[in-house]
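A.B. asks: quick check, what structure comes out for this input:
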Amino acid sequence: MLPIHSKPKPWNPPIAPPNPKSFKKIIPLRVSNTLNENREANQSEAGRIKRLVLTKEGRTKFNTFPDREFYALPRFVTHVDDGFIATLTDLYRERLRPDIEILDLMSSWISHLPNEVVYKRVVGHGLNAQELSRNSRMDYFFVKDLNQDQKLEIEDARFDAVVCTVSVQYLQQPEKVFAEVFRLLRPGGVFIVSFSNRLFYEKAISAWRDGTAYSRVQLVVQYFQSIEGFTAPEVIRKLPSAGNSRVDKSPFSWFMKWLRLFSNSDPFYAVIAYKNFKPVYE
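C.D. replies: Numbering: from 1, shown residues only. Below is the predicted model of the structure:
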């Protein structure tokens, strides 16, 4: 089982129960066989990896040491600017209903969920326990390296939503991770993957490092498309506006822009898809 850390009590996610017995005793043989065949087909098709998106070369990293070593020391910083964070929080406010269960995948000490919204449960995953333990929105968290093992020992259909913020560029087996997310989502559940142009260069995969903004968006779209059962991916972009009239000319703002190579703000990208169908709420 995954070691689950918690505030204040451990989370023991139930393991999926075995499949129910066949109903052959009470259903005519011909109908029973048809139902069983349909059920087996659905189980084998939904969530399966249809094709691999990345080549062997595309999965490589400059820094080949285990990710747990790279993230051994906590980094209590934000990796994107305030504009990106505000856009992401607004997106969560729009797409994530109150009182749902959320898995924050590859997370850190902040989740960017709207403060005023109450969720039933937020479970966090990441590589640094100190960072995760500081995350005030998480009820529970666990540590696991998804580049070493993509299987999460959590029951099927456990969450209503999975989010992954500015971390998808580090996945070396994204097809397997997206298939696992599909398994963990309830029908109609949403997977929101957000990212910008920032990264730890030595830890990002080659296909991401060498790509453009457009090709990176398309990579994530293809990750979703490689899994049977996700809805058509929806792409959201919010790019820096050159005509922003509210320009902060303070010395601090100038210094921060200098550190960011004179970029006005971080571009925002999100790719969203649902398991099986996109629900409609009144």
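
A.B. asks: please make it C-alpha for all contacts and neighbour counts, starting now.
C.D. replies: Will do.

A.B. asks: past the lowest-mean-pLDDT helix or strand in the chain, which element shows up next along the chain?
C.D. replies: Taking mean pLDDT, DSSP states H and E as the measure, the helices and strands of the chain show their lowest mean at helix 29-45, namely a mean of 45. Following the chain from helix 29-45 toward its C-terminal end, the next helix or strand by DSSP states H and E is helix 67-70.

A.B. asks: what sits up against that next one?
C.D. replies: 127-128, 145, 147 (C-alpha atoms under 8 Å, 6 or more residues apart in numbering).

A.B. asks: ok, now stretch 275-282?
C.D. replies: Under the contact criterion C-alpha under 8 Å, 6+ apart, stretch 275-282 has outside partners 182, 185-190, 229-231.

A.B. asks: tell me the buried residues in that stretch?
C.D. replies: For stretch 275-282, burial by neighbour count (16 or more other C-alpha atoms under 10 Å) applies to 275-276.

A.B. asks: export only the CA atoms of that stretch, formatted as PDB.
C.D. replies: Extracted C-alpha coordinates of stretch 275-282, given in PDB (Å, rounded to 0.1, in the frame of the first residue of the first chain):
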ATOM      1  CA  LYS A 275     -14.100  10.400 -18.300                       C
ATOM      2  CA  ASN A 276     -16.700   8.900 -20.700                       C
ATOM      3  CA  PHE A 277     -18.800  12.100 -20.900                       C
ATOM      4  CA  LYS A 278     -18.900  15.800 -19.900                       C
ATOM      5  CA  PRO A 279     -21.700  16.200 -17.300                       C
ATOM      6  CA  VAL A 280     -24.200  19.000 -17.600                       C
ATOM      7  CA  TYR A 281     -25.300  20.800 -14.400                       C
ATOM      8  CA  GLU A 282     -28.100  23.200 -14.000                       C
END
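
A.B. asks: now distance to residue 54 and neighbour count too, for the contacts of helix 67-70, in a markdown table please.
C.D. replies: Below are those laid out as a markdown table (distance: C-alpha to C-alpha, whole Å; neighbours: other C-alpha atoms under 10 Å):
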| residue | distance to residue 54 | neighbour count |
| --- | --- | --- |
| 127 | 23 | 23 |
| 128 | 27 | 23 |
| 145 | 19 | 15 |
| 147 | 14 | 16 |
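
A.B. asks: which residues in the stretch 151-282 of the chain form helices?
C.D. replies: Listed from the start of the chain, the stretch 151-282 of the chain has helices (DSSP state H, counting those that start in this stretch) covering 174-184, 206-209, 213-225, 251-259.

A.B. asks: so where's the stretch 151-282 of the chain shaky on pLDDT?
C.D. replies: Flagging of the stretch 151-282 of the chain using pLDDT under 70 yields the residue ranges 242-264, 282.

A.B. asks: now stretch 165-180 - C-alpha only, CSV.
C.D. replies: Listed next in CSV are the C-alpha coordinates belonging to stretch 165-180 (Å, rounded to 0.1, in the frame of the first residue of the first chain):
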residue,chain,number,x,y,z
THR,A,165,-0.4,21.8,-12.3
VAL,A,166,2.9,22.8,-14.0
SER,A,167,4.3,19.2,-13.7
VAL,A,168,3.1,17.2,-16.8
GLN,A,169,6.5,18.1,-18.5
TYR,A,170,8.3,15.7,-16.2
LEU,A,171,6.3,12.6,-16.9
GLN,A,172,8.4,9.9,-18.7
GLN,A,173,5.4,7.5,-19.0
PRO,A,174,2.5,10.0,-19.5
GLU,A,175,0.4,7.4,-21.3
LYS,A,176,0.4,5.1,-18.3
VAL,A,177,-0.2,7.9,-15.9
PHE,A,178,-3.2,9.2,-17.9
ALA,A,179,-4.6,5.7,-18.1
GLU,A,180,-4.3,5.5,-14.3
